[in-house]
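1. I'll drop the sequence and a predicted model, then ask my questions.
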Amino acid sequence: MTLLNAVILGLIQGLTEFLPVSSSGHLVIGQHLLHLTEPNLAFDVVLHLGTLLAVFVYFRRELREILTALFGKGDPKWRRVALLILLATVPTGVIGVLFKDLFERLFSSPAVVACMLAVTGLLLFTADRVTKAVRPLSGVGMKDALLIGLVQGVSIIPGISRSGSTIAMGLFRRIEAKAAARFSFLLSIPAILGATVLEGKEIIGHAVGGSGLIFFTGFVTAAVSGWLAIRILMAVLARKGLTVFALYCWGVAGITFFWIV
């Protein structure tokens with residue numbers, strides 16, 4: 001892998017992690033087009049760490065409120081949000097551990113990506129037509145958290161958008177779009193950290209083996225483009241909804257199926 005490849009994949013990861021179009025699916029397609037025939041899961045995790053930094057920067061006020069509340073000095077509602085995020089992480093972690101090997105094998109299949117992108121598009125298109133999605137972040141309950149965590153676990157399949165599926169489930173549960181997005185982005189923190197732990201040894205091995213600069217370049221590119229993607233999505237949710245992303249997913253699915261598969 002070259003530095004240029006790292007920049008390209010970092011841009012793909014950063015822009016598609018938070019836009020509901022499946023970063024993992026786009027990485028599979030991007031690696032295929034760049035003729036990187038062996039999936040590099042350690043590099044993919046480093047890119048996810050870059051997008052995690054984007055979450056920390058963009059939602060720094062919310063994270064500060066959560067940390068303050070956990071130490072008993074802030075607004076109790078943020079302590080409740082933190083506990084719900086931990087609850088939602090449970091089904092995600094169980095699915096990730098039980099099906100890790102199966103999901104890793106799917107990362108070499110553009111055909112699976114094409115099919116799952118079509119599914120993501122259907123989810124977004126349907127969720128965009130939910131009426132009375134007006135519940136605020138403070139109205140998220142335990143059942144909501146478990147269902148959102150469940151679909152986040154399934155979104156490990158390349159082509160199923162993590163942000164898209166969790167935001168869609170929030171809308172299906174009548175949670176307001178921007179509140180669903182905030183919960184989705186905050187929920188990505190333990191999910192990405194968990195993936196980092198699972199692939200930690202391989203990441204260190206690549207860094208020691210001379211790929212450190214390539215990994216760092218991908219990390220920084222993903223962080224900057226990820227921060228931009230969050231801003232774009234929050235603005236789009238406030239004005240237009242998710243249909244435009246559904247159409248995009250269907251378009252990429254069609255191109256992938258007929259051109260690459």
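-> Thanks, I have it.
2. quick one: residue 48 and residue 18 touch, right?
-> No - Residue 48 lies out of contact with residue 18 (C-beta atoms under 8 Å); the separation is 11.4 Å. Where you see a C-beta, it was placed from the backbone N, CA and C, and this is true even at glycine.
3. quick one, which of those two is more surrounded?
-> residue 18 (31 against 26; other C-beta atoms under 10 Å).
4. do you know how far the more buried one is from residue 164?
-> In this view, residue 18 and residue 164 are 10 Å apart by C-beta to C-beta, to the nearest Å.
5. try residue 27
-> 15 Å.
6. and residue 131, its phi and psi?
-> Here is the backbone geometry of residue 131 (degrees, to the nearest 10): phi -100, psi 160.
7. now for it: which residues touch it?
-> Contacts of residue 131 were listed using C-beta atoms under 8 Å, 6 or more residues apart in numbering, and none were found.
8. distance check, it against residue 236.
-> 19 Å.
9. shaky segments in the stretch 51-200 of the chain?
-> 103-104, 106-108, 195-200 (pLDDT under 70).
10. quick one: the helices in it?
-> Taking DSSP state H, counting those that start in this stretch, the helices of the stretch 51-200 of the chain run over residues 60-70, 76-98, 100-106, 110-127, 142-154, 162-172, 177-198, 200-206.
11. buried set for the fourth one?
-> Using 16 or more other C-beta atoms under 10 Å as the burial criterion, the residues of helix 110-127 that qualify are 110, 112-121, 123-125, 127.
12. got a markdown table for the helices of the stretch 51-200 of the chain, with distance to residue 12 too?
-> Formatted as a markdown table, the helices of the stretch 51-200 of the chain follow (distance: least, C-beta to C-beta, whole Å):
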| stretch | distance to residue 12 |
| --- | --- |
| helix 60-70 | 25 |
| helix 76-98 | 22 |
| helix 100-106 | 18 |
| helix 110-127 | 13 |
| helix 142-154 | 20 |
| helix 162-172 | 15 |
| helix 177-198 | 16 |
| helix 200-206 | 19 |
